[in-house]
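Asker: turn this into a structure:
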Amino acid sequence: MLPIPVVAMQVSHLTDARYFAAWLIDWMSFPLDGAAAVRPQIAMQMAEWVEGPKLAARYEMTPLEDIRQQWETLPAQGLILSGEHYLSQLALQPLDIPFFLELPLNTSPEIIRQIDHF
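Answerer: Here you go, the predicted structure:
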């Protein structure tokens, strides 16, 4: 176990998944939409072959309603929602699924203040 929590982002190959699992990281994410998206079969293989880290499905564009519909079929324990556009959706439709919100370093203070309302 590493001394700080670590998330390996956008893992898209089984070889990479095994490598990070050997380091005993806490979380591993696989992209399910966007340019780097993996096929659902790859995500299932990673879930079957990797022990240790929790798995998070990462989304960049998919609406929350669609994510909710897919959730039961995902081999994941959490979500990574990438982008501030998810804040308005979360305000209208709170999630009861563990999630991380991924924001760029240059996110405005106004956007950061919105997070306090969750």
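Asker: return the residues in contact with the residue nearest to the spatial centre of the chain.
Answerer: Taking Cα atoms, centre = their mean, the centroid of the chain lies closest to residue 80, which sits 2.6 Å from it. Contact analysis of residue 80 by Cβ atoms under 8 Å, 6 or more residues apart in numbering lists 7, 9, 29, 56, 57, 58, 59, 99, 100, 102. C-beta coordinates here come from the backbone N, C-alpha and C atoms, glycine included.
Asker: same check on residue 34?
Answerer: By Cβ under 8 Å, 6+ apart, the residues touching residue 34 are 59, 60, 61, 82.
Asker: any idea which of those residues is closest to residue 73?
Answerer: Residue 73 lies nearest to residue 59 out of those, by Cβ to Cβ, at 14.2 Å.
Asker: which non-adjacent residue is nearest the closest one?
Answerer: In this structure, residue 59 finds its nearest non-sequential neighbour in residue 33, 5.4 Å apart by Cβ to Cβ, 6 or more residues apart in numbering.
Asker: now residue 100: closest residue in space that isn't a chain neighbour?
Answerer: Nearest residue to residue 100, sequence neighbours excluded (Cβ to Cβ, 6+ apart): residue 80, at 4.8 Å.
Asker: mind listing the strands for the protein?
Answerer: Remark: strands assigned in the chain by DSSP state E are 7-8, 27-31, 54-59, 78-82, 99-102.
Asker: so which of those strands gets nearest residue 113?
Answerer: strand 99-102 (13.6 Å).
Asker: quick one: mean pLDDT for the closest one?
Answerer: Strand 99-102 carries an average pLDDT of 92.
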